[in-house]
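Participant: sharing a sequence plus its predicted fold:
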Amino acid sequence: MGRFFLTTPIYYVNDAPHLGHAYTTVNADAIARWHRLVGDDVFFLTGTDEHGAKVAESAEEHGMDPKSWADQTSARFVEAWRGLDISFDDYIRTTEPRHHAAVQAFLGRVYENGFIEKGIYEGLYCVRCEDYYTEEQLVGGNCPMHGTPVTHMEEENYFFKLDEFEDRLLEWYEANPDAVQPPTKRNEALGIIKGGLRPISITRTSLRWGVPVPWDEGHVFYVWYDALINYITAVGYGVDEERCAQWWPVVHHLIAKDILRFHTVWWPAMCMAAGVDPPANIFVHGYLLFGGEKLSKTMLQRLARSADEVNITDVAPAVLTDDFGVDPIRYHLLRSPLGPDNDFSYDGIVSRYNADLANNLGNLVARLATVVGSKCGGVGPAPAVDSPLAAAAAAAVSAATDAWARFAPHDAMAATWGLIGAANALLEATEPWKSEPGPEVDAVLGSALEALRIVTLLVSPAMPETAREIWGRVGLAGSPDECRLPGDAAWGGYPGGLSVTRGAPMFPRRKD
Ligand code: ME8
């Protein structure tokens, strides 16, 4: 199979990880796990963005130097990702020497190629966005994203001649219609380019917390110019050209729409300016938002660290995983379409948990173990070759494969739940618990066990721990992670003769 390089944004360490970060990271993790399952050589990268005014100010507010603050907060992200079972292959921190070296090499090339010039920057800056605005873009005199005051800045800076890349960017978009997805986001990026690009100030003298500019002491690079380069630092840019060529430019950047412009306009242009191919794919998803629902005080206390006004950014992932378990929260984050904005609510988690996990998957696992216990002495029979579930399983595998390739985990889950539904329906239609033990009961139970084995494989990128648990309960050796699809998902893989155990209920129904 091929190589698959996937990245998340590198998150700012001005504050703790929250549910919005978890949304992107869990989706990326499941996609990476799927690619491992189909045998791809996967490189899954995440990390933290540690320079810039926002982080420096945060450190100061906490009475710490920026590096100690970054160390402490970056460690909280690692802890959050370990807690969510995130299987990253590399964790990049922009304060690492390898990243400083790559930034200096990359932007050194852009400088040598004549795309950087000196000038005076005068403008309005929002520290929370780490971005500039024009008077017209402000809303009521404030930042249009945060509604907070902007700062007037004037300093001698180096500028990247982004304006020289309008035509090349448009040609690149034309030649690579799938580079930015979904199409609405591609159109948004094209609109920005067609609206006209201006040179961008890419260095600072007013700030010390950044990567030093190699050709002019006293300047550090602007945080976005340093951050975007992380993706290519991690594959050895400027250090290991062979490795870099193996992984670049066939990379998939998963981001939310807040940072579309940086990834779909600036970053491809920066690559062009450095003589590097732009990234092959940028997939832009929407926001996870609290819906219009009124949150009760108890829900609020459960969800938020501060109870004043609740945003997704107030919710620590661990608050939810402590309450529901890791896999149910992973499942919930994967179950809404990756693309549009999605409403998020406590009630929404409870009802999906009860419907999909307790009543469907959990019920299938429990009732199969019970009936195999009572009718087959706890020994799982082999599946029937001609079971109606065989076609349902093949359809689920094919639909899930297609969905993962489209970055549509929710469709992959829907396909998988289709198979769970078919297996439960077969049990309800044949009622093996009412029949005498014998070949007919064996055929039904063996086929349902085989469907469950395939469900377990399909569910493993989303709920790895649950998948390992079910695998063991139906008596299979090893773990689903060791299997390779599509071969191992072909009908007939459950050998029969294995001991099926009935453990504790996997997803006890929630009453809240
Ligand atoms: O922008 N819904 O870092 P950041 C969905 N350091 N996703 C959300 C979200 C929400 N409500 N809130 C955050 C930065 N995210 C830069 C990135 S990359 C070279 C530098 C996710 O900590 C989403 O992926 O502000 C979004 O793009 C990212 O967190 C922003 O994280």
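Facilitator: Ah, there it is. Numbers count the residues shown, from 1 in each chain.

Participant: going by C-alpha atoms from here, please, whenever you check contacts or count neighbours.
Facilitator: Noted.

Participant: near the ligand, which residues of the stretch 1-150 of the chain?
Facilitator: Counting by CA under 6 Å from any ligand atom, the stretch 1-150 of the chain comes close to the ligand at 9, 10, 11, 12, 20, 21, 23, 24, 49.

Participant: now the two most distant members of those.
Facilitator: Farthest pair in those (CA to CA) is 23 and 49. Separation: 17.6 Å.

Participant: more neighbours: those two, which one.
Facilitator: Comparing residue 23 with residue 49 by other CA atoms under 10 Å, the one with more neighbours is residue 49, at 24 against 21.

Participant: quick check, the more buried one in contact with residue 99.
Facilitator: No - the criterion here is CA atoms under 8 Å, and residue 49 misses it with residue 99 at 10.9 Å.

Participant: still on that earlier bit, among the residues of the stretch 1-150 of the chain next to the ligand, which are in helices?
Facilitator: Of those, the ones assigned to helices by DSSP state H are 20, 21, 23, 24.

Participant: just say helix, strand or coil for the residue in the stretch 51-200 of the chain that the ligand sits nearest to.
Facilitator: Residue nearest to the ligand within the stretch 51-200 of the chain: residue 129 (7.7 Å; CA to the nearest ligand atom). Following DSSP: H, G, I helix; E, B strand; the rest coil, residue 129 is assigned to coil.

Participant: next, it: phi, psi?
Facilitator: phi -80, psi -20 (degrees, to the nearest 10).

Participant: next, show the common contact partners of residue 49 and residue 99.
Facilitator: When contacts are counted by CA atoms under 8 Å, 6 or more residues apart in numbering, residue 49 and residue 99 are jointly contacted by residue 93.

Participant: nearest spatial neighbour of residue 285, chain-adjacent residues omitted?
Facilitator: The shortest distance from residue 285 to any non-neighbouring residue, by CA to CA, 6 or more residues apart in numbering, is to residue 339 (4.0 Å).

Participant: again with residue 491
Facilitator: Nearest to residue 491 is residue 390, by CA to CA, 6+ apart, at 5.9 Å.

Participant: and the one you found, what does it touch?
Facilitator: 447, 451, 491.

Participant: could you point out the helix or strand that follows the helix or strand that the second one is a member of?
Facilitator: Element membership for residue 451 (DSSP states H and E) is helix 439-459. Along the chain past helix 439-459, the next helix or strand (assigned with DSSP H and E) turns out to be helix 464-473.

Participant: ok, the very next helix or strand once past that next one: who's next to it in the sheet?
Facilitator: Scanning forward in sequence from helix 464-473 by DSSP H and E, the next helix or strand is strand 498-499. Under the criterion DSSP bridges, strand 498-499 sits next to strand 379-380 (antiparallel) in its sheet.

Participant: what is the mean pLDDT for the strand it pairs with?
Facilitator: In this model, strand 379-380 has a mean pLDDT of 98.

Participant: ditto for stretch 273-290
Facilitator: Averaged across stretch 273-290, the pLDDT comes to 95.

Participant: for it, output the C-alpha coordinates as PDB.
Facilitator: Provided in PDB are the C-alpha atoms of stretch 273-290 (Å, rounded to 0.1, in the frame of the first residue of the first chain):
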ATOM      1  CA  ALA A 273       8.600  30.800  -2.900                       C
ATOM      2  CA  ALA A 274      11.000  28.300  -1.200                       C
ATOM      3  CA  GLY A 275      11.000  26.100  -4.300                       C
ATOM      4  CA  VAL A 276       9.000  23.300  -2.600                       C
ATOM      5  CA  ASP A 277       5.800  21.700  -3.900                       C
ATOM      6  CA  PRO A 278       2.700  22.900  -2.100                       C
ATOM      7  CA  PRO A 279       0.800  20.400   0.100                       C
ATOM      8  CA  ALA A 280      -1.300  18.000  -1.800                       C
ATOM      9  CA  ASN A 281      -4.400  18.300   0.300                       C
ATOM     10  CA  ILE A 282      -6.000  20.700   2.900                       C
ATOM     11  CA  PHE A 283      -9.200  19.500   4.400                       C
ATOM     12  CA  VAL A 284     -11.200  22.200   6.200                       C
ATOM     13  CA  HIS A 285     -13.900  21.300   8.700                       C
ATOM     14  CA  GLY A 286     -16.400  23.500  10.500                       C
ATOM     15  CA  TYR A 287     -16.800  24.400  14.200                       C
ATOM     16  CA  LEU A 288     -18.100  22.300  17.000                       C
ATOM     17  CA  LEU A 289     -20.500  24.700  18.800                       C
ATOM     18  CA  PHE A 290     -22.900  24.600  21.600                       C
END
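
Participant: and that stretch, what's buried?
Facilitator: Across stretch 273-290, burial judged by 16 or more other CA atoms under 10 Å covers 273-274, 276, 278-290.

Participant: which elements pack onto the strand or helix carrying residue 35?
Facilitator: For residue 35, the enclosing helix or strand under DSSP H and E is helix 19-37. If you count contacts as 3 or more CA pairs under 8 Å, 6 or more residues apart in numbering; DSSP states H and E, helix 19-37 packs onto strand 3-12, strand 41-49, strand 251-256, helix 326-334, helix 409-430.

Participant: turn these into TSV, including mean pLDDT.
Facilitator: As requested, these are exported to TSV (pLDDT from 0 to 100):
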stretch	mean pLDDT
strand 3-12	98
strand 41-49	98
strand 251-256	98
helix 326-334	98
helix 409-430	98
